[in-house]
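Participant: sharing a model that was predicted from the sequence below.
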Amino acid sequence: MLGGGVVILLAVFGTVSGSIRGVHPNKAASYQGDQFTCADGKQTFPISFVNDDYCDCVDGSDEPGTAACPNGSFYCANVNFKGQQIASSRVDDGICDCCDGSDEAASKCPNNCQQLGAHLMEEAKRIRKEQAIGFQQRLVYATDGKAAKERRDEEIKTFEAEVEELRVQMEERETHMKEAQTPAEEAKEAAREAHEAAEAVRTAETEEVIRGEAEHEYSLLDADGDGDVTTDELLSYAAGEESLLSPEQVQAMVDSGEVEPSAVIDLIKDKIRDRHQEEKKQREEEAREEKLLREAAAKRKDLGETEKREEENMGEDDEEVWGEDGKKIEKEDIDYEEEDYEEIDEDFDDIDDIETKESSELVYDAATQKLIDIYEEAEKLHKEAKTRHDSVKRQLDDLRKLNDMDFGPDQEFFALKGQCFTVHDKYLYKLCPFDKSDQGGTLIGRWGHWEVDSDGVNRYNKMKYTNGNSCWQGPVRSTAVQLVCGPENKLVKASEPAKCEYEYVFATPAACTKVQDETEIHDEL
């Protein structure tokens, strides 16, 4: 029902414009008196020229109640409903455009304004009720959002202090690491040079042994001792049980015509060298197994001592040993765990899988190894400090980034962070506030910014999501989100008004800045 003040106001305006059809109440004063001046101020006529069904003014203002001017405008008073401005060309066209029927001849159209107004009032009351619910929820959002920001502020201070402490620790350990690095590298380099020199000597000695064995083997092959090798001598040598050359290798040499002393000796050297390598590998494998056996024996000894101590701890009297079920356990019935034994057994099982290390592998002396150990320990401690520092620093950066986000003047929009909402309209559309927008799995925008209104003011009712996936032969996808007040968070509508440019309507209590006053609803009617 309309307030009394509004009814009186409309009644007054109805009286003023009663004799001039189609005039808006705000312009009624221009149509009073004996003369009328066109709205553009260029011409003045007797008042009788108004609504005479002839267009005198270029702007059409002299014919508000007829269809004479193509650019004229007719006002429907629509008492008890919303006033309405229509083109004067729709006046007396046989179609009822105004709910009060004032655009057509009297009694031609029914007056439906009362019913429409009542329906609008009910709708307005429903909206007002939802606004009230949303506004109360917004207050909760704001309270929670401010509290969350205060907690983040405190966490940032804590993280800043911790990052600074870790930075100092990291730099100190880096200094220690660098101090230990130089002597360790110098000692390693000296050891490497000494090792290479020793290796060169060992290699020369080995080659000398191989050469001697090859010459001896060649003398066995050269049966007549003339220094040359015949095909018969080769074949005879290859047939022997201790021959280094197989009949197939000899036949291949004969077929190729390469039965030269140097070629034969080189082949024999290769065979002897292979034999040396195999023997060397076998010795190293045996040494490795022996080492493992010693380590396993040491483990067994340690385990035996542990068991002995456990038995001693049980006490001298077997009757004092009790199980978890409350029953007495005799000492000889105790079943020791076999996990340590299994670990030892695994050492033996893994022997075949261990890569044989060259005996020529560089082994550092105790002094050099100590310098290396000191450096590696310093490097390890620095790495641990850096890892911890970087981890805490990332958490601090994430907190700062979150704290810098604009969640509204009262932090009311923080409640939307981390949530996602969907609506199905041909495609499944998704909105994750302050994160991204999605259409059926396709990224159509990442959180960009709040958009300001035409007057340059940010009223926190428009979001922009940019830099989505590229559109084929089109722009990069983006989404504009219109926020409206609602009692709950809900993605109401999704559309694509232009290629790869999307629009959402999202209802949320965070957008409920006020509850519409009932007098505002009355004034609107």
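Facilitator: Thanks, I have the structure now.
Participant: per-residue pLDDT, the residue nearest to the spatial centre of the chain?
Facilitator: Central residue of the chain (Cα atoms, centre = their mean): Asp435, 9.8 Å from the mean position. Listed pLDDT for Asp435 reads 97.
Participant: partner residues bridging the residue nearest to it when sequence neighbours are not counted?
Facilitator: Nearest residue to Asp435, sequence neighbours excluded (Cβ to Cβ, 6 or more residues apart in numbering): Trp447, at 5.6 Å. To be clear about C-beta, it is placed using only N, CA and C from the backbone, and glycine gets the same treatment. Trp447 has these beta-bridge partners by DSSP bridges: Tyr465.
Participant: can you pull the contacts of Trp447?
Facilitator: Trp447 makes contact with 433-436, 463, 465 under the criterion Cβ atoms under 8 Å, 6 or more residues apart in numbering.
Participant: quick one, strands of the stretch 1-150 of the chain?
Facilitator: 35-37, 44-46, 73-76, 84-87 (DSSP state E, counting those that start in this stretch).
Participant: comparing the ones you listed, which comes out most buried?
Facilitator: strand 73-76 (a mean of 23; mean count of other Cβ atoms under 10 Å).
Participant: which elements pack onto that one?
Facilitator: The helices and strands touching strand 73-76, judged by 3 or more Cβ pairs under 8 Å, 6 or more residues apart in numbering; DSSP states H and E, are strand 84-87.
Participant: pairing partners for the strand it packs on, with directions?
Facilitator: strand 73-76 (antiparallel).
Participant: Tyr429 sits in which helix or strand?
Facilitator: Tyr429 is part of strand 427-432 when elements are defined by DSSP states H and E.
Participant: spatially nearest residue to the residue sitting furthest away from the middle of the chain (excluding sequence neighbours)?
Facilitator: Distance from the C-alpha centroid of the chain, by Cα atoms, centre = their mean, peaks at Asp224 (83.8 Å). Leaving aside its chain neighbours, Asp224 sits nearest to Glu233 (7.5 Å; criterion: Cβ to Cβ, 6+ apart).
Participant: ok, the one you found - contacts?
Facilitator: Going by Cβ under 8 Å, 6+ apart, Glu233 touches 221-224.
Participant: quick one: it from Leu221, how far?
Facilitator: 6 Å (Cβ to Cβ, to the nearest Å).
Participant: next one: Asp232
Facilitator: According to Cβ to Cβ, Asp232 stands 11 Å off from Leu221.
Participant: neighbour count: the two, which is higher?
Facilitator: Neighbours per residue (other Cβ atoms under 10 Å) separate Asp232 from Leu221, with Leu221 holding more: 22 against 9.
Participant: where's the closest residue to Leu221 other than its chain neighbours relative to Ile268, distance?
Facilitator: Spatial nearest neighbour of Leu221, chain neighbours left out: Tyr237 (4.3 Å); criterion: Cβ to Cβ, 6+ apart. In this view, Tyr237 and Ile268 are 10 Å apart by Cβ to Cβ.
Participant: mutual contacts of those two, please.
Facilitator: 221, 245.
Participant: give the rounded mean pLDDT of the strand holding Tyr429.
Facilitator: Rounded mean pLDDT across strand 427-432 is 96.
Participant: cool, stretch 227-239 as well?
Facilitator: Average pLDDT, stretch 227-239: 72.
Participant: now that stretch: buried residues?
Facilitator: Across stretch 227-239, burial judged by 16 or more other Cβ atoms under 10 Å covers 229, 233-234, 237-238.
Participant: state the pair within the residues you listed that is farthest apart.
Facilitator: Val229 and Ala238 (11.6 Å; Cβ to Cβ).
Participant: can you tell me the element Ile265 falls in?
Facilitator: Using DSSP H and E, Ile265 falls in helix 261-314.
Participant: which elements pack onto that helix?
Facilitator: On a contact count with 3+ Cβ pairs under 8 Å, 6+ apart, helix 261-314 meets helix 113-221, helix 247-256, helix 339-349.
Participant: need these in CSV (columns: distance to Pro70).
Facilitator: Output for these, formatted as CSV (distance: least, Cβ to Cβ, whole Å):
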stretch, distance to Pro70
helix 113-221, 28
helix 247-256, 110
helix 339-349, 99
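Participant: backbone phi and psi for the residue farthest from the centre of the chain, please?
Facilitator: Here is the backbone geometry of Asp224 (degrees, to the nearest 10): phi -90, psi 0.
Participant: and the gap between it and Glu215?
Facilitator: As judged by Cβ to Cβ, Asp224 and Glu215 stand 16 Å apart.
Participant: same deal with Leu362?
Facilitator: Taking Cβ to Cβ, one finds Leu362 at 33 Å from Glu215.
Participant: and Ala252, by the same measure?
Facilitator: According to Cβ to Cβ, Ala252 stands 23 Å off from Glu215.
Participant: what's the answer for Ala161, then?
Facilitator: 79 Å.
Participant: the nearest residue to Gly94 once chain neighbours are set aside: neighbour count?
Facilitator: Of all residues not flanking Gly94 in the chain, Glu104 sits nearest, at 7.1 Å (Cβ to Cβ, 6+ apart). Close neighbours of Glu104, defined as other Cβ under 10 Å, add up to 17.
Participant: state the phi and psi torsions of Glu104.
Facilitator: Backbone torsions of Glu104, given as degrees, to the nearest 10, read phi -120, psi 170.
Participant: for it, give me its contacts.
Facilitator: Counting by Cβ under 8 Å, 6+ apart, Glu104 touches 91-96.
Participant: including pLDDT and neighbour count, could the residues you listed go into TSV?
Facilitator: As requested, the contacts of Glu104 are exported to TSV (pLDDT from 0 to 100; neighbours: other Cβ atoms under 10 Å):
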residue	pLDDT	neighbour count
Val91	94	24
Asp92	93	16
Asp93	92	11
Gly94	92	9
Ile95	94	9
Cys96	94	17
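Participant: now, which of those residues lie within helices?
Facilitator: Among these, DSSP state H puts none in helices.
Participant: from those residues, pick the one nearest Thr479.
Facilitator: Closest approach between the contacts of Glu104 and Thr479, by Cβ to Cβ: Ile95, at 39.9 Å.
Participant: next one: the nearest residue to the closest one once chain neighbours are set aside from Thr66, what distance?
Facilitator: Closest residue in space to Ile95, ignoring its immediate chain neighbours: Glu104 at 7.7 Å, by Cβ to Cβ, 6+ apart. The gap separating Glu104 from Thr66 is 12 Å, by Cβ to Cβ.
Participant: what touches both of those two?
Facilitator: 91-92.
Participant: what are the boundaries of the strands in the stretch 401-525 of the chain?
Facilitator: Under DSSP E, counting those that start in this stretch, the stretch 401-525 of the chain gives strands at 421-425, 427-432, 436-439, 442-450, 462-466, 478-485, 490-498, 501-508.
Participant: return the most buried member of those.
Facilitator: Of these, strand 436-439 is the most buried (mean count of other Cβ under 10 Å), at a mean of 23.
Participant: list the contacts of the closest residue to Leu483 other than its chain neighbours.
Facilitator: Nearest residue to Leu483 in three dimensions, chain neighbours excluded: Ala511, at 4.3 Å (Cβ to Cβ, 6+ apart). By Cβ under 8 Å, 6+ apart, the residues touching Ala511 are 134, 138, 460-461, 483-486.
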